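Peer 1: Turn this into a model:
(chains A and B)
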Amino acid sequence: MNYSEDTIAAISTGSVTNSGIGIIRMSGEEALSIAEEIFQSKKSGKSLKEVPSHTIHYGNIVDDGEIVDEVLLMVMKAPNTYTREDVVEINCHGGMIVMNKVLETCFKHGARPAEPGEFTKRAFLNGRIDLSQAEAVIDLINSKNDMSMKSSINQLNGYLSGKIRKFREEILNDMAYIEAALDDPEHISLDDFGQILLNKINEICKELEYLIQTSDNGRVIKEGINTVILGKPNAGKSSLLNVLARYERAIVTDIPGTTRDIIEEQINLNGILINLTDTAGIRETKDMVESIGVDKARECAQNADLIIYVVDSSIPLDENDRKIMEIIQDKKVIIILNKSDLVSVVEENSFSDIIHAPVVSISTVTQDGIQRLEQIIRDMFIEGKIQFNDELVITNLRQKNSLKDALKSLKLVINSIENSMPEDFYTIDMMNAYEELGKITGESVEEDLANEIFSKFCMGK
Amino acid sequence: MPNVEENYDVVVVGLGHAGCEAALACARMGLETICFTVSVESIALMPCNPNIGGSSKGHLVREIDALGGEMGKNIDKTFIQSKMLNASKGPAVHSLRAQADKSEYSRSMRRVLENTEHITIRQAEVSEIIVNEGVIEGVRTFSGATYHAKAVVLCTGTYLKARCIYGEVSNYTGPNGLQAANHLTDSLKANGVEMFRFKTGTPARVDKRSIDFSKMEQQFGDERIVPFSFSTDPDSIQKEQVFCWLTYTNEKTHEIIRNNIHRSPLFSGMIEGTGPRYCPSIEDKVVRFADKNRHQVFVEPEGNYTNEMYLGGMSSSLPEDVQYEMYRTVPGLENVKIVRNAYAIEYDCINPVQLKPSLEFKNISGLFSGGQFNGSSGYEEAAAQGIIAGINAACKILGREPLILDRSEAYIGVLIDDLVTKENHEPYRMMTSRAEYRLLLRQDNADIRLSKYGHELGLVSDEAYEWVLKKQEIVKEEIERLENTTVGVTDKVQNLLERLNSTLLKSGTTLAELIRRPEISYEDLAEIDPERKELRYDVVEQVNINIKYEGYINRQLKQVEHFKKLENKIIPETINYDDISGLRMEAQQKLKKFHPRSIGQASRISGVSPADISVLLVYLEQHRRM
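Peer 2: Here you go, the predicted model:
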């Protein structure tokens, strides 16, 4: 059995290692023809479909006559590929902006965003991956999917989701009106509805176009391991941040927080990008310590790839420490015993019954232990214990892609109205738009339309 | 005294619209079939509205006909008014609806059954199903007689533990005062079948002589009548038609209803069954749509030889005195005399997710069911399931593969898939918006879509099937000819375009291009198309539609291709979902409950995510290779 499907594309290089090269991978029946459309060879004019398999070609990715990037493009024809389908890999310049642009160009020409774990899934279904690894394939799909769900929730801000829900509501309402009239033509008339609908759809299209245009501007996509420094007041969180940042001064960049008053630092540990977030922005009053500290820990536990938990070793652990540890116990954590220059009252093994994490004694004053901390972070990354959640980036692209598809469908509705097509044709494309927008907000369609018809329109015998 | 004991191939329980189609399908496939009804007079009874067809229901009738069923032929023989609904809309939503002479419809269907070889009709109440180790073996009647059979089809409609209610009055009867079936439910439950209790209702029937029609709007049938059945010659059914009438409720009507709402059994809690939202009683409409100051009332004759008129739009379960009061506020009904009261009816039906897409019970081999018993509503929905249940009961006995129509092939496929895949908690009604590929599932091409199945099963004659094949060929040739016939910028062409209010040509084009213009049809171009052969009306219709909507049709065809891929991935019946570790808990439970037939069906179960489907695919592949 060959599990042949439509063509998918995704960025296949991890983006944490700030490397000079990024790889976009496409797989599926149309991989070669899509590549053909977007690739301009610098040498021969030979069609990519005719070149031998497993060959590399030098040229440009071009979109609407504009050069997106200078690339090396590798053609691998089925069946000797990872997925056993035709595969094209585009080696472009590293960095999110360029990779995104290349990927978007692929989408524009017919590929769709790969689902979490989909390349591997295809590889397995097409017999490329050994049977014994089936469990691992399932695990991969599930873990990627979890990450993806988490990211889309994290990333969807209230403004965007509010807008999209509003569009969906309007579209659903109008679909229900048309369908109710078709279902019960003797009760409900569609006379002149086309013009009314045209105005509404035009309005939504305008707003969608604006959202698509601005979707890249407002959001800073941060590449790197999201690392949060956490701890009670005066444990030395800010000092640690400063030390780490100062130590790497030459390559520190400041990224102002987008929504909260938090300063993030990006540091580079021998090629591994780390986004450090300090929770020092909060100035707790005595009686609010517990609630704020715990809430903070909870929020960070959800979003961070790595948590650095700073403890003041000169004072005993208390109930707050215990609560914080409980909340972060399922995360990747490094525990810092700070103030090793003072008299320590906290033992290194006093955490092990709640949380399993490496413990490092440091002093931000003398900078003792800092190098060891960095070594531990590096090791964790190289051993794969901490992973960068690149689903954030992918989710962003998926959402943009859905916005574009919804817009395309609504333009078809406009086209149908302007060409005086009968009303039942409108709802076909309206439903597509409705579904695409639903992918962004994570809402499925199910019985929406029937429910809307029954609840809004009085019909029946 | 010893009890009667007989042997048959198939037992059909109930002879409503589902039972009739089921019995005919089995008998026509050569199987000895015995059918039970609580009253022979009630065969193919229309206890509610006097219509066959309507939006999306007309599609179902056409599909039943294409499979070799009887409903379309029967209404063509007995209609008294006919209308193509949505004629000004796209071809996908054109829908035939006919007013039936109710008693003629019933009589005519009974005649067909009585004269079909291999059918035995028996008036008796079936009280028990006989099941042995998960396999059906027959039924037992209330009188104690045993009928052994290889398959049983249950089509009990609204008769199981039926109760009719208006006001404080409640009768333990089926529709129209007919005897209810009070025992079968217990036998089903004892065999592990999960039951629901649903409710529906009907308006009053009134005496024609007590109506003042001068206060109502007259409603006509179509000038040119289109038959339901592909086998009916249109010329043979052009006839004088009756009128229907339209009037409206008003604020006064609504006030009476509001003042008496506490006496409605629906609101007092006396009725426990779940009613359909799309077919609300008048009191429901007044409460739920409080801002509407009037509702339509269609006054329709029940037949040629009766004075009874049906008050469409005003079904109710209010007490008798309130019914009089409210009906008499409606213009034209000021002095109306009620012949039969409006009432609500409650009945037992099954949770249809217990069925396979073949309409066989998952847990009882050889037991099939169709119609309102499966939680649907409507004559046409019932008949559609009836024919499929009958066909598949026969296929089971004959050792053939079941007939399962998918969502891209037929409204029947959509109907059954929805019933067996979605958690449905109200009587299910067909709607065109439920069909994702409705542009392909038109009433005009039901024969092209489905008669191959009817023919394979022996339900459609060779002759009829050959015509369908030939028709497709002629359509294809004609489309090709039109795509390749060019017309130049001549006076004759420009004149015609001017008369048709169409843009004049600047350069030459093809006839097909002209037909793609919304204002131009195939027929309009006769004078500039001298090569044209004389073609039948149904061929012309296909040519027109296929050229005009080509772009849309092709898009849906492409979607169907994708849909079919998952639909054709069959899940082995022996799968054990507990073995699949990667599934989320919710998905695992749902999959265990539904036991979907294919990956496609699994993907439509609510609570099963795309990631679960991926996991399932990987698992299936793993086991295929082992």
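Peer 1: so where do the strands sit in the stretch 201-350 of chain B?
Peer 2: Secondary structure of the stretch 201-350 of chain B (DSSP state E, counting those that start in this stretch): strands at B:205-207, B:217-219, B:244-248, B:296-301, B:308-312, B:338-340, B:343-350.
Peer 1: How about chain A?
Peer 2: Counting by DSSP state E, chain A has strands at residues A:8-11, A:21-27, A:39-41, A:55-63, A:66-76, A:87-93, A:112-113, A:225-230, A:253-256, A:263-269, A:272-278, A:306-312, A:333-338, A:359-361.
Peer 1: Mind telling me which of the ones you listed the model trusts least?
Peer 2: If these are sorted by mean pLDDT, strand A:253-256 sits at the bottom with a mean of 37.
Peer 1: on that earlier part again, got JSON lines for the strands of chain A, with mean neighbour count and distance to B:Leu482 too?
Peer 2: In short, each C-beta sits where N, CA and C put it, glycine included. As requested, those are arranged in JSON lines below (neighbours: other Cβ atoms under 10 Å in any protein chain shown; distance: least, Cβ to Cβ, whole Å):
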{"stretch": "strand A:8-11", "mean neighbour count": "24", "distance to B:Leu482": "39"}
{"stretch": "strand A:21-27", "mean neighbour count": "24", "distance to B:Leu482": "40"}
{"stretch": "strand A:39-41", "mean neighbour count": "15", "distance to B:Leu482": "40"}
{"stretch": "strand A:55-63", "mean neighbour count": "16", "distance to B:Leu482": "39"}
{"stretch": "strand A:66-76", "mean neighbour count": "18", "distance to B:Leu482": "42"}
{"stretch": "strand A:87-93", "mean neighbour count": "23", "distance to B:Leu482": "41"}
{"stretch": "strand A:112-113", "mean neighbour count": "19", "distance to B:Leu482": "36"}
{"stretch": "strand A:225-230", "mean neighbour count": "24", "distance to B:Leu482": "63"}
{"stretch": "strand A:253-256", "mean neighbour count": "10", "distance to B:Leu482": "63"}
{"stretch": "strand A:263-269", "mean neighbour count": "19", "distance to B:Leu482": "65"}
{"stretch": "strand A:272-278", "mean neighbour count": "22", "distance to B:Leu482": "63"}
{"stretch": "strand A:306-312", "mean neighbour count": "25", "distance to B:Leu482": "68"}
{"stretch": "strand A:333-338", "mean neighbour count": "24", "distance to B:Leu482": "73"}
{"stretch": "strand A:359-361", "mean neighbour count": "20", "distance to B:Leu482": "81"}
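Peer 1: In CSV: these, plus distance to chain B.
Peer 2: Below are the strands of chain A laid out as CSV (distance: least, Cβ to the nearest Cβ, whole Å):
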stretch, distance to chain B
strand A:8-11, 13
strand A:21-27, 15
strand A:39-41, 25
strand A:55-63, 25
strand A:66-76, 22
strand A:87-93, 19
strand A:112-113, 11
strand A:225-230, 23
strand A:253-256, 32
strand A:263-269, 31
strand A:272-278, 28
strand A:306-312, 25
strand A:333-338, 27
strand A:359-361, 34
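Peer 1: how about those strands, which one is nearest B:Tyr343?
Peer 2: Nearest of the strands of chain A to B:Tyr343, taken as Cβ to Cβ: strand A:112-113 at 54.1 Å.
Peer 1: residues making contact with that closest one?
Peer 2: For strand A:112-113, contacts defined as Cβ atoms under 8 Å, 6 or more residues apart in numbering or on different chains pick out A:6-10, A:107, A:394, A:397-398, A:401.
Peer 1: hang on, the earlier thing: got the strands of chain A as JSON lines, with distance to B:Pro331 columns?
Peer 2: Output for those, formatted as JSON lines (distance: least, Cβ to Cβ, whole Å):
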{"stretch": "strand A:8-11", "distance to B:Pro331": "63"}
{"stretch": "strand A:21-27", "distance to B:Pro331": "68"}
{"stretch": "strand A:39-41", "distance to B:Pro331": "73"}
{"stretch": "strand A:55-63", "distance to B:Pro331": "66"}
{"stretch": "strand A:66-76", "distance to B:Pro331": "69"}
{"stretch": "strand A:87-93", "distance to B:Pro331": "72"}
{"stretch": "strand A:112-113", "distance to B:Pro331": "58"}
{"stretch": "strand A:225-230", "distance to B:Pro331": "71"}
{"stretch": "strand A:253-256", "distance to B:Pro331": "71"}
{"stretch": "strand A:263-269", "distance to B:Pro331": "74"}
{"stretch": "strand A:272-278", "distance to B:Pro331": "73"}
{"stretch": "strand A:306-312", "distance to B:Pro331": "75"}
{"stretch": "strand A:333-338", "distance to B:Pro331": "78"}
{"stretch": "strand A:359-361", "distance to B:Pro331": "88"}
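Peer 1: closest to A:Glu179 out of the ones you listed?
Peer 2: strand A:112-113 (27.9 Å).
Peer 1: Direction included, what does the closest one pair up with?
Peer 2: Strand pairing for strand A:112-113, using DSSP bridges, gives strand A:8-11 (parallel).
Peer 1: before we move on, what SS does B:Phe36 have?
Peer 2: With DSSP: H, G, I helix; E, B strand; the rest coil as the basis, B:Phe36 sits in strand.
Peer 1: Relative to B:Pro319, how far out is it?
Peer 2: 35 Å (Cβ to Cβ, to the nearest Å).
Peer 1: How about B:Leu96?
Peer 2: The separation that B:Leu96 has from B:Pro319, given Cβ to Cβ, amounts to 37 Å.
Peer 1: Tell me, how many residues neighbour residue 363?
Peer 2: Went with chain A since none was named. A:Ser363 has 19 neighbours, counted by other Cβ atoms under 10 Å in any protein chain shown.
Peer 1: that's the wrong chain, I wanted chain B
Peer 2: Neighbours of B:Asn363 (other Cβ under 10 Å): 14.
Peer 1: do the one 10 residues further on as well
Peer 2: A total of 30 residues lie near B:Phe373 under the criterion other Cβ under 10 Å.
Peer 1: who's in contact with it?
Peer 2: B:14, B:18, B:154-157, B:160, B:349-350.
Peer 1: swap in B:Gln179?
Peer 2: Taking Cβ under 8 Å, 6+ apart, we find B:Gln179 in contact with B:38-39, B:125, B:173.
Peer 1: swap the cut-off to 10 Å and go again
Peer 2: B:38-39, B:42, B:125, B:159, B:162, B:172-173 (Cβ atoms under 10 Å, 6 or more residues apart in numbering or on different chains).
Peer 1: Up against chain B, what does the stretch 351-461 of chain A have?
Peer 2: Contact residues, the stretch 351-461 of chain A versus chain B (Cβ under 10 Å from any Cβ of the partner chain): A:412, A:415-416, A:419-429, A:431-432, A:444, A:446-447, A:449-461.
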